[in-house]
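Asks: Okay, sequence plus prediction incoming.
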Amino acid sequence: MPVAGKGKRRPRQTVAAGMPDAAAVAPALLAWYARARRDLPWRRSQDPYRVWVSEIMLQQTQVERVREFFTRFIDRFPTVAALAAAGEHDVLRLWEGLGYYRRARQLHVAAQRIVAERGGAFPRSAAELRTLPGIGRYTAGAIASIAFDLAEPIVEANSRRVIARLAGHAARLDGPGGDEPIWEIATALVPGRHPGRFNQALMDLGALVCTPERPLCGACPLAACCVAKRTGRVAEIPAKAARRAVEEIRETAVVVRRAARVLVVQRGPGEWWEGLWDFPRVATSARGARRAIERSDLLGGLGCGPTERLGTITHTVTHHRITLDVVACAAARAGRAAQGRRWVTAAALGSLAMTAPGRRIAKLLG
Ligand code: SF4
């Protein structure tokens, strides 16, 4: 892919049939954006660090939820140097509640690389940005266009839907390569002037007007050049993705008490919530929680007295629905916590970076 320069237009590429008229789309969309854009905290500057943090948070998280986390994160780590200098635990603690912690870890590592290898200066092209951990094609395009005014395309959930409808592209978009025609059209549409505003306008149009259900075509600035509208196929584009079956997981979480402290364990490499703290868990057994705990190596030889039921919580991770039966017991034997285990007071739980279910269990303890 050629690297676009500031203010330069890419040569027009060959694109799918039904390609909307780029010369008509950009002015209409930018005029609409000027009056209808969402006021979002990360849009108040073109600082690449802020654009980057917001784009990483927005992956897999709703805009409204990102608002509060973004402001808190930027207050604590206002620059890439401040983020690079932070401890991983502090970054994860601040990320708690956003989920998908790998994003936070990669953000942190990328910040350290930007500082160590580039003196804190951001790479200024999409290709260079993509060499950093956690920055893929979409994020690189977003940073390059919004922060550096480069004519780079973006395709995410909202712009994907808008472009598919504009072009009347009815093929399935899930599966390998399914998005390629959309990237091709996005590349041809992105203008040389105001590419960042154009990309943000596409996302806003998808969020506010060209919504998944019942889009407001009557209020759409692009209605005159929309193939799906003209051909009466708005409801069927984009084609519905195949739904993954929900996988049920049932586990027992154990609050092991010793005097005023409880035992917490750190999730290991490759596990969900890697590096975060949680209560020990074991697969729920038909023979009862106590037998399951005793038969496992869960407590590392501490043993467990009679169990007391504290409640049940459910939590969803991707297509897994986890049901956690929460029990408490007293450690049958004294013992020092091993590597990756800690005895902490209820008050100290507040400063640990915990898994979402772990935090909910902590609240059950009062
Ligand atoms: S006319 Fe309707 S379907 Fe087409 S882009 Fe606008 S809102 Fe979406």
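Replies: Structure received.

Asks: ok, now which ones touch the spatially closest residue to residue 71 that is not a sequence neighbour?
Replies: Nearest residue to residue 71, sequence neighbours excluded (Cβ to Cβ, 6 or more residues apart in numbering): residue 41, at 5.6 Å. For the C-beta atoms, the positions are set from N, CA and C on the backbone; glycine is no exception. Listed by Cβ atoms under 8 Å, 6 or more residues apart in numbering, the contact partners of residue 41 are 54, 67, 70, 71, 74.

Asks: let's see it at 7 Å
Replies: Contacts for residue 41 were tallied using Cβ atoms under 7 Å, 6 or more residues apart in numbering; they are 67, 70, 71.

Asks: before we move on, what about residue 346?
Replies: Residues near residue 346 by Cβ under 7 Å, 6+ apart: 262, 365.

Asks: isn't there a helix covering residue 264?
Replies: No. Read with DSSP: H, G, I helix; E, B strand; the rest coil, residue 264 is strand and lies in no helix.

Asks: That one contacts residue 277, doesn't it?
Replies: Yes. Residue 264 lies in contact with residue 277 (Cβ atoms under 7 Å); the separation is 4.6 Å.

Asks: neighbours of residue 88, just the number please.
Replies: A count of nearby residues for residue 88, using other Cβ atoms under 10 Å, gives 13.

Asks: whoops, I mixed them up, residue 311
Replies: For residue 311, the neighbour count with other Cβ under 10 Å is 12.

Asks: For residue 142, which three-state class applies?
Replies: Secondary structure of residue 142, reduced to three states by three-state DSSP: helix.

Asks: so it makes contact with residue 54?
Replies: No. Between residue 142 and residue 54 there is no contact under Cβ under 7 Å: 8.8 Å.

Asks: So these two - more neighbours on which side?
Replies: Between residue 142 and residue 54, counting by other Cβ under 10 Å, residue 142 is the more crowded of the two (27 against 23).

Asks: just to revisit the earlier point, what's the spacing between the residue nearest to residue 71 and residue 155?
Replies: Distance from residue 41 to residue 155, counting by Cβ to Cβ, to the nearest Å: 24 Å.

Asks: Check residue 109 too.
Replies: For residue 109, the distance to residue 155 equals 25 Å [Cβ to Cβ].

Asks: For the stretch 51-200 of the chain, what lies in contact range of the ligand?
Replies: Within the stretch 51-200 of the chain, the positions near the ligand by Cβ under 6 Å from any ligand atom are 162, 165, 166.

Asks: Which of these sits closest to the ligand?
Replies: Distances from the ligand to these, taken as Cβ to the nearest ligand atom, are shortest for residue 165 (3.9 Å).

Asks: part of a helix, is that closest one?
Replies: Yes. Assessed by three-state DSSP, residue 165 belongs to a helix.

Asks: So it is in contact with residue 222, correct?
Replies: No. Using Cβ under 7 Å, residue 165 is not in contact with residue 222; the gap is 8.9 Å.

Asks: Show me which of those two is the more surrounded one.
Replies: residue 165 (26 against 21).

Asks: For the residue of the stretch 1-150 of the chain found nearest the ligand, give me its contacts.
Replies: Minimum separation of the stretch 1-150 of the chain from the ligand (Cβ to the nearest ligand atom) falls at residue 20, amounting to 9.0 Å. Listed by Cβ under 7 Å, 6+ apart, the contact set of residue 20 reads 166, 167, 225.

Asks: which helices and strands does the host helix or strand of residue 360 pack with?
Replies: Take DSSP states H and E as the rule and residue 360 turns out to sit in helix 356-364. Here helix 356-364 touches strand 308-317, strand 320-330, going by 3 or more Cβ pairs under 7 Å, 6 or more residues apart in numbering; DSSP states H and E.

Asks: downstream neighbour of the last one in the secondary structure list?
Replies: Read in the C-terminal direction, the helix or strand following strand 320-330 is strand 341-345, with elements assigned using DSSP H and E.

Asks: In terms of neighbours, single out the busier of residue 109 and residue 155.
Replies: Neighbours per residue, other Cβ under 10 Å: of residue 109 and residue 155, the larger number sits with residue 155, 23 against 15.

Asks: That one against residue 180, yeah?
Replies: No. Using Cβ under 7 Å, residue 155 is not in contact with residue 180, being 9.6 Å away.

Asks: And the contacts of the longest helix along the chain?
Replies: Longest helix of the chain, by residue count under DSSP state H: helix 102-118. For helix 102-118, contacts defined as Cβ under 7 Å, 6+ apart pick out 53, 56, 59, 80-81, 83-84, 88, 91-92, 95, 120, 122, 132-135.

Asks: Over to stretch 81-90?
Replies: Stretch 81-90 is contacted from outside by 77, 105, 108, 111, 112, 115, 120, 275, 353, using Cβ under 7 Å, 6+ apart.
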